[in-house]
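> let's see this in three dimensions:
(2 chains)
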There are 2 protein chains.
Amino acid sequence: MTNVDRPGSGETLAELSEIAVLERIFPRLPRSSATLVGPGDDAAVLAAPDGRYVVTTDMMVHGPDFRLAWSTPNDLGWKAAATNLSDVAAMGARPTALLVAIAAPQHLPVAVLEGIADGLRECCEALAPGCGVVGGDLSASETLTLAVTAFGDLEGRRPVLRSGARFGDVLAIAGRLGDAARGLRLLFREGVSDDGVPDARRAESLRQRHPHLVSAQLRPEPPVALGAVAALAGATAMLDVSDGLALDAARIARASGVGIDLDPVALGADRELALGGGEDHGLLAAFPAEATLPEGFRAIGRVTADPGALTVGGVPNAHTGWDPYRGWDGHAG
Amino acid sequence: MTNVDRPGSGETLAELSEIAVLERIFPRLPRSSATLVGPGDDAAVLAAPDGRYVVTTDMMVHGPDFRLAWSTPNDLGWKAAATNLSDVAAMGARPTALLVAIAAPQHLPVAVLEGIADGLRECCEALAPGCGVVGGDLSASETLTLAVTAFGDLEGRRPVLRSGARFGDVLAIAGRLGDAARGLRLLFREGVSDDGVPDARRAESLRQRHPHLVSAQLRPEPPVALGAVAALAGATAMLDVSDGLALDAARIARASGVGIDLDPVALGADRELALGGGEDHGLLAAFPAEATLPEGFRAIGRVTADPGALTVGGVPNAHTGWDPYRGWDGHAG
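Got it, this is the predicted structure:
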């Protein structure tokens, strides 16, 4: 694990020119098969064979969104790619390319950026083969910040919006519910020093004891390939579950002018965490009742006729989603 | 002028929900005529009628890249759009859409984000009609940071790269040279308090005395529409002059395997600033000797046979470009 808090981490950004930094990062980045003109010019040019393209952007900021005491640079690159790939998948598209802008303190070791590049590559290779980095920007900032933009190809399919769910549809999810929130809760409880400050050694020990839960938070593996699969299977609505199942299911209900009733049994033992835990990055989709659910999806509810209503086993639910950073004091970590 | 340093600036981000903030910003943003699916879903979908699209991203960070004591929020939005639009134009493309990610301190007045949105809209309307904001992201950060991604349509043309200049071509520029650097030099000299800290009142007074130079730095107007015009006129190579004419001309020379000889007379009286001043955001292009230069371009040199050489009136030049922030101490502003 590379950790910027440790001394002896090698050359810093301030010691190298921007060109020298880029030369160390570029070879580590994944290549995009959609590239017509790659990095090095004023802009990149990408292929859009079906005449449309999907775009989304997501920023990660040190402090509110991650802590270098908990995440390795590789984790950061991985998560920055994964969350954006998941948004592309949720449209029913196949991710094709990323742009990556990084603002970093001058005293940051170059090894941190190399680790981020490795994480971006490993994530693309694992979750979206053929997707690569086609450009970016490198800036100075007192706050380490990653802004990733992701692109996708609909391959001739119509995009799957939040607004297409119909009365009678089955609601299904790909991915696990609540694990990312469980991992974050563990980190806040046991990954901190006695003073409550995020602590690299305790987080590492936690990761060895609860690898699955800590990874769900720091290195999520959204079912990116299932986005296109769901679209082909006839999904009427879909989104990336990032703010908790209840809040995100309510978004589909509102956008589609329908209601959603969740099956309490399908939510498991810790229903509150399944409903309210953030950053799951699963795919929540509605399918026609007669459709065969694609492998990887399991039914967790059904679409009702009551516009905007969210119920669990028929009982109204007013869950507003869980803010994982309400405890963040703006300095720790 | 909205200025965050002044008290009484109204509601802060912390006092409103993210949804409430977005509701105040959205109506101010420009619409994109390429939009198939706009903001509000996991991702946007854009039209790419010619089967390709141009993408570029650029980050602006409070401190190294701008200071709220000097730039109004409207200026920031304008410049964030303008610099990205210029990169799209430099490929010979027409800008179609922007994604805008903003990370902002919780104590920031919402009016600042409204001002940024106004600046984005005014810039698109003025420099790239039909280009609009199709999505984005809002994050918390101690450092105000804007990351803009811009998209463009080649409209059937081949992209104009840095690498296409040929021996015998005429080198021409659209836009002025050195004014942005002059404006920044004035701001550093006279837009600061007696202690050298960027000062809003002195900057405003400077803006009234030197509106053209201060605007060239804080609110640049790159000749965006001339990118497509240059491509149609047969430009063999083109780039956005952001790091100083000498450095950027040398980039064309290196990428094209040719030399470039600049005409000393065309560089004007302050040759050093014309060669080394950054952030001009003009378009530097090479045209075949027999081509008619499009209106807005003026010849400033010619392409020679000496690979990678940059000369001025035949005399070698080793200008490395000017770093406008070498004086930045990491805290002022």
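> helices of chain A, start to end?
Under the criterion DSSP state H, chain A contains helices at A:18-25, A:73-89, A:110-127, A:179-190, A:200-209, A:211-218, A:226-232, A:245-256, A:271-276.
> model confidence for residue A:188, exactly?
Predicted confidence (pLDDT) for residue A:188: 95.
> swap that for residue A:278, please
88.
> ok, the one 4 residues further on next?
Note for residue A:282: predicted pLDDT of 96.
> that one contacts residue A:177, doesn't it?
Yes. Proximity of residue A:282 to residue A:177 meets the contact threshold set by Cβ atoms under 8 Å, at 6.8 Å. (Glycine included, C-beta is placed from N, CA and C.)
> including distance to chain B and mean neighbour count, could the helices of chain A go into TSV?
Output for the helices of chain A, formatted as TSV (distance: least, Cβ to the nearest Cβ, whole Å; neighbours: other Cβ atoms under 10 Å in any protein chain shown):
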stretch	distance to chain B	mean neighbour count
helix A:18-25	10	14
helix A:73-89	4	28
helix A:110-127	14	22
helix A:179-190	16	21
helix A:200-209	21	16
helix A:211-218	18	20
helix A:226-232	9	23
helix A:245-256	8	23
helix A:271-276	17	21
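> those: which one's closest to residue B:21?
Checking these against residue B:21 by Cβ to Cβ gives helix A:245-256 as the closest, at 17.1 Å.
> mind checking how far residue A:17 is from chain B?
Separation of residue A:17 from chain B (Cβ to the nearest Cβ, to the nearest Å): 10 Å.
> I should have written residue A:51 there, sorry.
If you go by Cβ to the nearest Cβ, the gap between residue A:51 and chain B works out to 6 Å.
> what is the neighbour count of the spatially closest residue to residue A:289 that is not a sequence neighbour?
Distances taken as Cβ to Cβ, 6 or more residues apart in numbering or on different chains put residue A:168 closest to residue A:289, at 5.2 Å, once the chain neighbours are dropped. Applying other Cβ atoms under 10 Å in any protein chain shown, we find 14 residues neighbouring residue A:168.
> which ones are touching residue A:168?
Contacts for residue A:168 (Cβ atoms under 8 Å, 6 or more residues apart in numbering or on different chains) come out as A:288-289, A:302-303.
> where does pLDDT dip in the stretch 1-150 of chain A?
For the stretch 1-150 of chain A, the stretches flagged by pLDDT under 70 are A:1-9.
> which residues in it form strands?
Applying DSSP state E, counting those that start in this stretch to the stretch 1-150 of chain A gives strands spanning A:35-37, A:44-47, A:52-61, A:94-104, A:132-140, A:145-153.
> of the ones you listed, which is nearest residue B:263?
strand A:35-37 (30.1 Å).
> the residue positioned nearest the centre of chain A: what's it in contact with?
The centroid of chain A falls nearest to residue A:83 when counting by Cα atoms, centre = their mean (1.8 Å). Contact analysis of residue A:83 by Cβ under 8 Å, 6+ apart lists A:58, A:60, A:148, A:220, A:222, A:240, A:242, A:281.
> ok, 10 Å please
Shown in contact with residue A:83 (Cβ atoms under 10 Å, 6 or more residues apart in numbering or on different chains): A:56, A:58, A:60, A:65, A:123, A:148, A:150, A:220, A:222, A:240, A:242, A:279, A:281.
> so the fifth one sits against residue A:74, correct?
Right, the one you point to is residue A:123. Yes. Using Cβ atoms under 10 Å, residue A:123 is in contact with residue A:74, at 9.3 Å.
> common neighbours of the two, please.
Common neighbours of residue A:123 and residue A:74 (criterion: Cβ under 10 Å, 6+ apart): residue A:219.
> so residue A:304 touches residue A:311, yeah?
Yes. Contact between residue A:304 and residue A:311 holds when scored by Cβ under 10 Å: they sit 7.4 Å apart.
> domain ranges for chain A?
A:13-153, A:161-333 (automatic domain parsing).
> got CSV for those domains, with distance to residue B:236 too?
Shown next, in CSV, are the domains of chain A (distance: least, Cβ to Cβ, whole Å):
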stretch, distance to residue B:236
domain A:13-153, 14
domain A:161-333, 40
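> overlap of the contact sets of residue A:282 and residue A:177?
With Cβ under 10 Å, 6+ apart, residue A:282 and residue A:177 have common neighbours A:241, A:245.
> any weak-confidence spans in the stretch 201-333 of chain A?
A:319-333.
> residue A:316 is in contact with residue A:309, isn't it?
Yes. At 7.0 Å, residue A:316 and residue A:309 qualify as touching, with contact defined as Cβ under 10 Å.
> these two - which one has more neighbours?
residue A:309 (16 against 9).
> show the contacting residues for that one.
Residue A:309 is in contact with A:250, A:253-254, A:258-261, A:316-317, counting by Cβ under 10 Å, 6+ apart.
> tell me the one of those nearest residue B:162?
The closest of the contacts of residue A:309, once distances to residue B:162 are taken by Cβ to Cβ, is residue A:254, at 47.8 Å.
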